[in-house]
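> Here is the input, now give the coordinates:
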Amino acid sequence: MKDAHMPINIAIVGVGNCASSLVQGLAHYTGRNDATGLMHHSLGGYRPDDIRVVAAWDIDARKVGRDVAQAIFALPNCTAVFAPEVPDTGAVVRMGRILDGVAEHMADYPEARTFVPADAPEPTREDVVATLRDAQVDVLMNYLPVGSQQATEFYAECALEAGVAFVNNIPVFIASDPVWAERFEKAGVPIIGDDIKAQLGATIVHRVLTDLFHKRGVKLCRTYQLNTGGNTDFLNMANHKRLEKKKISKTEAVQSVAADRIADENIHVGPSDYVAWQNDNKVCFLRMEGELFGGVPMNLELRLSVEDSPNSAGVAIDMIRCAAIARDRGLAGPVIAPAAWFCKHPPEQMTDDEAYEAVESFIAGGLPATASLS
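Sure thing, here's the model as predicted:
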């Protein structure tokens, strides 16, 4: 493992709200002995201010060509600004590959100023690989929009070729796909994914309550999770064709901790609607209907309101550090324990108690952290 406080060089694909919160967070925690929102201030010898942004890609003209420190505040980003003075990173946002990274319907919302294509040539795989190598990137963070299957696979290929650890924050299945998992393992490259689980978001709350029903012997008969938000993530997901894997990811995160699998017609988990004025605020409505002793009915309703992107930024910092640890240790393929704790659709689902113990053991240097999927 690297000596404590050696830098972790990261590259970011997609300089949106989540990337903004991550980069603001790196500035915010510099010089602070504060673990709010993190598993540990020092994780495996790495602190948040050991992370350096050294490369980035986006396709929006308002971001391409600008230092990441300025690009994170450009429209259409609308998340909370909690670190207004982010120092320049020295990393200029490069034009990325578009592929399926933009939903067709985004052009129908000009008032939201969602997408202005950059007047720049798209990079080849060789271009991206060269940048990753030249910048000595340790970890590549995927923050593409939901439904970006082809674009995610493009950058995953680049990570494989460059030998860079890959953190897949979105519900395109790479780490949890047996074919991709085997490719990363054979290439000697660690991967953590898929689909980041927020610090205290709708999915983790729904999972904890579902597990509570299980442990207290309450039969969970029906449940829904409805979410609304006004950021470009929700606008992108207004195209339901892009939601297939997102719904699978969120649904399986809940189903995996239920006492018995809930019938498909009795569970609905997923994004619901775009409400422009909510900006990056996400509102979740949960309802759970069950049976107590003797079959007596009960129900629970909950409303959760969070700023969506900062809610995942601390988790992203922990994932980066776990990916760096895996790389330092020479691990390859899916890193099982961190994925189970940090992601909605990991290669191996665990209860949150089991996942927490597993990732703490991994950080401390114990238990096998990777596994071949077959």
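> May I have stretch 80-100 exported as PDB, CA atoms only?
Provided in PDB are the C-alpha atoms of stretch 80-100 (Å, rounded to 0.1, in the frame of the first residue of the first chain):
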ATOM      1  CA  ALA A  80     -26.100  23.300  -3.200                       C
ATOM      2  CA  VAL A  81     -23.000  25.400  -3.100                       C
ATOM      3  CA  PHE A  82     -21.400  24.600   0.200                       C
ATOM      4  CA  ALA A  83     -17.800  25.300  -0.900                       C
ATOM      5  CA  PRO A  84     -18.000  28.400  -3.000                       C
ATOM      6  CA  GLU A  85     -14.200  28.900  -3.300                       C
ATOM      7  CA  VAL A  86     -12.800  25.700  -4.900                       C
ATOM      8  CA  PRO A  87      -9.200  26.200  -6.000                       C
ATOM      9  CA  ASP A  88      -8.300  25.400  -9.600                       C
ATOM     10  CA  THR A  89      -7.500  21.800 -10.100                       C
ATOM     11  CA  GLY A  90      -5.300  22.300 -13.100                       C
ATOM     12  CA  ALA A  91      -7.500  19.700 -14.900                       C
ATOM     13  CA  VAL A  92      -9.400  21.200 -17.900                       C
ATOM     14  CA  VAL A  93     -12.600  19.500 -18.900                       C
ATOM     15  CA  ARG A  94     -12.200  17.700 -22.200                       C
ATOM     16  CA  MET A  95     -14.800  16.900 -24.800                       C
ATOM     17  CA  GLY A  96     -16.200  13.400 -24.100                       C
ATOM     18  CA  ARG A  97     -17.800  10.700 -26.300                       C
ATOM     19  CA  ILE A  98     -21.500  11.300 -26.700                       C
ATOM     20  CA  LEU A  99     -22.800   7.900 -27.800                       C
ATOM     21  CA  ASP A 100     -26.000   7.400 -25.700                       C
END
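> Going C-terminal from the longest helix anywhere in the chain, what's the next secondary structure element?
When the chain is scanned for its longest helix (criterion: DSSP state H), the result is helix 310-328. Proceeding N to C from helix 310-328, the next assigned helix or strand is strand 333-334, under DSSP states H and E.
> That following strand packs against which elements?
Judged by 3 or more CB pairs under 8 Å, 6 or more residues apart in numbering; DSSP states H and E, strand 333-334 is in contact with helix 178-187, strand 190-192. In this view, the C-beta of every residue, glycine as well, is placed from N, C-alpha and C.
> Show me the one of those that comes nearest Val15.
strand 190-192 (20.3 Å; CB to CB).
> and stretch 333-348, which residues are buried?
Buried residues in stretch 333-348, counted by 16 or more other CB atoms under 10 Å: 333-348.
> what's the residue nearest to Gly330 when sequence neighbours are not counted in contact with, if anything?
The spatial neighbour of Gly330 that comes closest, neighbours along the chain excluded (CB to CB, 6 or more residues apart in numbering), is Gly188 at 7.6 Å. Going by CB atoms under 8 Å, 6 or more residues apart in numbering, Gly188 touches Gly163, Gly330, Ala332.
> Leu38: which of those residues is nearest?
When the contacts of Gly188 are compared for distance to Leu38 (CB to CB), Gly330 wins out at 25.2 Å.
> That closest one - how many residues pack around it?
Gly330 has 8 neighbours, counted by other CB atoms under 10 Å.
> per-residue pLDDT, it?
What the model reports as pLDDT for Gly330 is 97.
> go on, Gly101?
Predicted confidence (pLDDT) at Gly101: the value is 88.
> Skipping adjacent residues, who's closest to it in space?
Gly101 sits nearest to Ala151 (CB to CB, 6+ apart), 4.1 Å away.
> Test my guess that that neighbour contacts Val102.
No. Ala151 is beyond contact range of Val102, at 9.1 Å (criterion: CB atoms under 8 Å).
> neighbour-wise, which of the two wins?
Ala151 (25 against 20).
> in the chain, which spans are strands?
Per DSSP state E, the chain carries strands over the ranges 8-13, 51-58, 93-95, 139-142, 165-168, 190-192, 219-229, 267-274, 281-291, 297-307, 333-334.
> okay if I get these as a markdown table plus distance to His40?
Shown next, in a markdown table, are the strands of the chain (distance: least, CB to CB, whole Å):
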| stretch | distance to His40 |
| --- | --- |
| strand 8-13 | 15 |
| strand 51-58 | 14 |
| strand 93-95 | 31 |
| strand 139-142 | 18 |
| strand 165-168 | 18 |
| strand 190-192 | 17 |
| strand 219-229 | 29 |
| strand 267-274 | 30 |
| strand 281-291 | 26 |
| strand 297-307 | 22 |
| strand 333-334 | 22 |
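> Most tightly packed of these?
strand 190-192 (a mean of 31; mean count of other CB atoms under 10 Å).
> Who does it pair with, and is each partner parallel or antiparallel?
strand 165-168 (parallel), strand 333-334 (parallel) (DSSP bridges).
> want to throw these into CSV with mean pLDDT?
Converted to CSV, the strands paired with strand 190-192 look like this (pLDDT from 0 to 100):
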stretch, mean pLDDT
strand 165-168, 98
strand 333-334, 98
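> residues in contact with the residue nearest to Glu307 when sequence neighbours are not counted?
The spatial neighbour of Glu307 that comes closest, neighbours along the chain excluded (CB to CB, 6+ apart), is Ala80 at 4.9 Å. By CB under 8 Å, 6+ apart, the contact list for Ala80 reads Ser21, Asp280, Glu307, Ser309, Pro310.
> now, which of the residues you listed sits nearest Ile174?
Nearest to Ile174 among the contacts of Ala80, counting by CB to CB, is Ser309 at 21.6 Å.
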